[in-house]
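Asker: test case, fold it:
(one chain, ligands or ions: 2)
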Amino acid sequence: MNWGAVVVAAGRGTRMGAGENKPYLMLAGRTVLAHTLEAFERCAAVTSIILVVTPGEQKKAAEIIGHEGFGKVSLIIPGGAERQDSVYAGLAALDTEGALVHDAARPLVTSKQITACCRAAEEHGASALAVPVKDTIKVSDGNGFIVATPERRTLWSVQTPQAFLRLELMQAHRQAQEEGASATDDAMLLERLGRKVAIVEGDYANLKITTPEDLPIAELLLARRLGEEQPK
Ligand SMILES: Nc1ccn([C@@H]2O[C@H](COP(=O)(O)OP(=O)(O)OP(=O)(O)O)[C@@H](O)[C@H]2O)c(=O)n1
Ligand SMILES: C[C@](O)(CO)[C@H](O)COP(=O)(O)O
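Answerer: Ligands and ions are numbered 1, 2, ... in the order given. Modelled structure (predicted):
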């Protein structure tokens, strides 16, 4: 199966509260976006990338891609109001059978993890990278009180990439749009239709840059990874 990737970078970074959008923040001397795209560029399974950016940031993104020499990025398109809208716009621009969906805000993903998601989706139809939850998770009543504690051994913190048959995911998006169903990730859109999504165990380093403390953590993780890659 040939795989394309939709990399979504069209958020506003509200929780980060930085002077500019998260994909353009510096991380170990390069932009968050450059780190993210490099993993897909290095992944032999991925043949093309659609980058979805905040309207008005196409030029900024194109300059990074040109400087980095990322040849797989075939289109840079504007995203929508919600992540779901940005993903759908990217899927519509892709022409591959397989579609990976990845948050640009997850710059520590590895090519090996991307490939593992592709292979799992080829076997099971869809897959998502995830890690076992470490904390005990509570459900609240919305008024600040705990009402339930799901069994921790059944809980996974899902990440991206998530991998799908492109047309199946597009159909699931359209059905959700028709039914007014919102989703914070793409696997949800298949789950609600009773489709199976395989879990691919990743690692805790594949964090999403969301709030200010995430950036120094990502710096440390990157420095550790680079240190491990240095010849002894
Ligand atoms: N309308 C949107 C919203 C989010 N995203 C992307 O989806 C990923 C996950 O979203 P999140 O981490 O929430 O990013 P933001 O929406 O920018 O953050 P916030 O919710 O704090 O504003 C990010 O790579 C973000 O750029 C997107 O492409 N289009
Ligand atoms: C898709 C995701 O990264 C899976 O954990 C997450 O749901 C994105 O949430 P966000 O609020 O759009 O960052």
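
Asker: which bits of the chain sit near ligand 1?
Answerer: With C-beta under 6 Å from any ligand atom as the criterion, the chain comes near ligand 1 at residues 8-16, 22, 52, 79-83, 86, 103-105, 208, 210. No exception for glycine: its C-beta is placed from N, CA and C like everyone else's.

Asker: the residue nearest to residue 74 when sequence neighbours are not counted in helix, strand or coil?
Answerer: Excluding the flanking residues, the one nearest residue 74 by C-beta to C-beta, 6 or more residues apart in numbering is residue 48, at 4.7 Å. Following DSSP: H, G, I helix; E, B strand; the rest coil, residue 48 is assigned to strand.

Asker: contacts only, for residue 48.
Answerer: Neighbour list for residue 48: 4-5, 72-74, 94-96 [criterion: C-beta atoms under 8 Å, 6 or more residues apart in numbering].

Asker: buried subset of those residues?
Answerer: 4-5, 72-73, 94, 96 (16 or more other C-beta atoms under 10 Å).

Asker: the residues you listed: which two are farthest apart?
Answerer: 73 and 96 (13.9 Å; C-beta to C-beta).

Asker: number of nearby residues for residue 204?
Answerer: Counted with other C-beta atoms under 10 Å, residues neighbouring residue 204 total 12.

Asker: surely it is in a strand?
Answerer: No: looking at residue 204 with three-state DSSP, it is coil, so not inside a strand.

Asker: ok, now how distant is it from residue 105?
Answerer: Going from residue 204 to residue 105 by C-beta to C-beta, to the nearest Å gives 16 Å.

Asker: next: residue 78.
Answerer: Distance from residue 78 to residue 105, by C-beta to C-beta: 17 Å.

Asker: of those two, who's got more company?
Answerer: Per other C-beta under 10 Å, whichever of residue 78 and residue 105 has more neighbours is residue 105, with 25 against 14.

Asker: now do the contacts for the more buried one.
Answerer: The contact partners of residue 105, by C-beta under 8 Å, 6+ apart, come to 9, 11, 22-23, 32, 36, 208-210.

Asker: distance of the residue nearest to residue 74 from ligand 2?
Answerer: 21 Å (C-beta to the nearest ligand atom, to the nearest Å).

Asker: quick check: mean pLDDT across the helix of greatest length in the chain?
Answerer: In the chain, with assignment by DSSP state H, the single longest helix is helix 214-229. Helix 214-229 carries an average pLDDT of 93.
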